[in-house]
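Novice: Structure for this input, please:
(one chain, ligands or ions: 1)
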Amino acid sequence: MAEVLDMNSIEVPCRIINGHRSPLMFSPESFDAACKYRAHDSDIVLCTYPKCGTTWVQYMMCNLLHYDDFDGDMSTVKDQCPYLELFGTGNLKPGSFYKIHLPFNSETFNPNARYVFVTRNPRDVAVSYYHFTAIIPPGIPGVPKGAYWFPRYAELFLRGEVWHGCYMKYHRDWLKGLREHGKPENVLILVYEKMKKDPRGELIRIANFLGGRAAELVKDEKVVETILERTSVDSMKESVNKSAASLFKKMNVAVDTPNDSVEFVRKGVVGDHANYFTPEISRMFDEYINSDPGNQEVMELFNV
Ligand SMILES: Nc1ncnc2c1ncn2[C@@H]1O[C@H](COP(=O)(O)OS(=O)(=O)O)[C@@H](OP(=O)(O)O)[C@H]1O
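Specialist: Model prediction:
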């Protein structure tokens with residue numbers, strides 16, 4: 001008789017490295033090196049909790065920094081803006097642009113470096129992360145894909161028992177860290193919901209934060225149009241998902257998805273949680289948000 005899967009016993013498989021929950025596919029050496037890497041004065045760090053809009057901002061910034069060479073391929077983007085926990089720090093030189101999903105750490109934080117922090121409503125993050133967790137190997141061994149598992153994932157998400165830990169702790173610590181240790185002129189906070197409302201305005205804000213050639217580029221309306229087109233959901237579904245699949249193959253990671261495509265870019269909308277949240281899940285999220293006054297500061301970011 002087929003074994004019945006108890007959905008309530010399923011965990012997200014993680015490896016604990018330096019106290020952080022790493023996906024199993026990451027090399028412990030790379031992850032550990034990323035945890036210990038202190039930013040140089042001239043670095044630009046894209047720091048986000050996963051699924052907050054990292055890839056979108058990464059693509060906008062790579063366009064602004066490498067406009068003429070930008071080809072939309074994830075292999076190129078990973079060289080222009082490597083993901084430290086996955087690729088390690090071996091190739092970094094001062095003046096690099098890179099992304100991390102690591103928590104705030106005052107020992108590796110450098111107030112002279114520039115930090116771009118991207119955030120998004122935790123309800124939509126949970127849904128997005130649930131989809132991603134289910135498709136990226138080793139995924140959840142033995143768990144078939146399907147929305148019915150979301151209630152369990154939501155519980156694990158609220159407890160912080162998912163890759164990269166607790167959303168709220170991550171946000172509270174980064175916002176406090178940036179406020180107390182950062183220089184305001186070196187910090188840019190972007191909100192996914194605001195980017196959806198006004199991508200042009202936010203692109204120009206990013207360009208002005210970067211300054212130099214990036215700020216010059218966006219004075220040309222044609223360039224702005226081109227970057228907005230290259231970073232639209234539809235263009236990125238094409239460019240990112242297919243090239244991510246070939247990158248995974250190159251890294252010998254078996255991808256369990258149809259059409260050889262890894263859905264880094266899935267729906268790209270605000271409010272998808274309405275399709276997944278039951279009244280019980282909504283109540284759990286409300287309780288979670290109200291459980292700590294520091295969470296309100298985070299939630300206020302989404303009143304856009
Ligand atoms: N161009 C563009 N416009 C709007 N939305 C976009 C775009 N690119 C990516 N996305 C959506 O961002 C979600 C993935 O987040 P991240 O890139 O932060 O994921 S990752 O942690 O770096 O893997 C994921 O959200 P969901 O669609 O809700 O799953 C992506 O679809």
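
Novice: hey, let's count contacts and neighbours off CA atoms from now on
Specialist: Noted.

Novice: Now the element after the least confident helix or strand in the chain by mean pLDDT, going C-ward?
Specialist: When each helix and strand of the chain is scored by mean pLDDT, DSSP states H and E, helix 233-250 comes last, with a mean of 87. Toward the C-terminal end, the helix or strand that comes next after helix 233-250 (DSSP states H and E) is helix 279-290.

Novice: name the helices or strands packed onto that next one?
Specialist: Applying 3 or more Cα pairs under 8 Å, 6 or more residues apart in numbering; DSSP states H and E, we find helix 279-290 packed against helix 150-159, helix 293-300.

Novice: ok, and for it, which residues are buried?
Specialist: Residues of helix 279-290 classed as buried: Ile281, Ser282, Phe285, Ile289 (neighbour count, 16 or more other Cα atoms under 10 Å).

Novice: which residues sit against that helix?
Specialist: With contact meaning Cα atoms under 8 Å, 6 or more residues apart in numbering, helix 279-290 is reached by Arg123, Pro151, Ala154, Leu158, Asn295, Gln296, Met299.

Novice: which regions of this structure lie under the pLDDT threshold?
Specialist: Low-confidence regions of the chain, defined by pLDDT under 70, span residues 1-5, 136-139, 141-142, 144-148, 254-260.

Novice: show me the residues around the residue nearest in space to the middle of it that make contact.
Specialist: Taking Cα atoms, centre = their mean as the criterion, Pro50 is the residue nearest the geometric centre of the chain, at 3.3 Å. By Cα under 8 Å, 6+ apart, the residues touching Pro50 are His101, Val125, Tyr129, His164.

Novice: picking that back up, could you check how far the least confident helix or strand of the chain is from the centre of its chain?
Specialist: 16 Å (Cα atoms, centre = their mean, to the nearest Å).

Novice: and that helix, what does it pack onto?
Specialist: Using 3+ Cα pairs under 8 Å, 6+ apart, helix 233-250 sits against helix 74-80.

Novice: And Lys249, how far from Asp41?
Specialist: 35 Å (Cα to Cα, to the nearest Å).

Novice: if we can go back for a sec, who touches the least confident helix or strand of the chain?
Specialist: 72-75, 229-230, 254-255, 260-268.

Novice: What about the ligand: which of those residues touch it?
Specialist: By Cα under 6 Å from any ligand atom, the members of these lying near the ligand are Phe264, Val265, Arg266, Lys267, Gly268.

Novice: Look at the second one and say how many residues are nearby.
Specialist: Same thing as Val265. 21 (other Cα atoms under 10 Å).

Novice: Let me know how buried the closest residue to it other than its chain neighbours is, in neighbour terms.
Specialist: Nearest non-adjacent residue to Val265, counting by Cα to Cα, 6 or more residues apart in numbering: Lys237, 5.3 Å away. Residues near Lys237, counting by other Cα under 10 Å, number 20.

Novice: If you count neighbours, what's buried in the least confident helix or strand of the chain?
Specialist: Buried, per 16+ other Cα under 10 Å, within helix 233-250: 233, 236-237, 239-248.

Novice: can I assume Val270 is in contact with Asp124?
Specialist: Yes: judged on Cα atoms under 8 Å, Val270 makes contact with Asp124 at a distance of 7.1 Å.

Novice: Who has more neighbours out of those two?
Specialist: Shown here are Val270 and Asp124; by other Cα under 10 Å, Asp124 has more neighbours (21 against 17).

Novice: what does the helix or strand that contains Arg213 rub up against?
Specialist: Assigned by DSSP H and E, Arg213 belongs to helix 212-217. Residues outside helix 212-217 that contact it (Cα under 8 Å, 6+ apart): Leu64, Leu65, Ile204, Ala207, Asn208, Phe209, Val223, Val224.

Novice: before we move on, back to that, what separation do you get for the residue nearest to the centre of the chain and the ligand?
Specialist: Pro50 is 3 Å from the ligand, where distance means Cα to the nearest ligand atom, to the nearest Å.

Novice: Glu11 now?
Specialist: The value you get for Glu11 to the ligand, if Cα to the nearest ligand atom is used, is 19 Å.

Novice: Same check on Arg200?
Specialist: 12 Å.

Novice: since we're on that residue, how many residues are nearby?
Specialist: Arg200 has 16 nearby residues by other Cα under 10 Å.

Novice: now Asp41, what's its secondary structure?
Specialist: Secondary structure, DSSP: H, G, I helix; E, B strand; the rest coil: Asp41 is coil.

Novice: Repeat that for Gly95.
Specialist: When the rule is three-state DSSP, Gly95 gets the label coil.

Novice: The ligand versus that one, what's the distance?
Specialist: From Gly95 over to the ligand (counting by Cα to the nearest ligand atom), the distance is 21 Å.

Novice: Test my guess that that residue contacts Gln80.
Specialist: No: when contacts are counted by Cα under 8 Å, Gly95 is not listed as touching Gln80 (11.5 Å).
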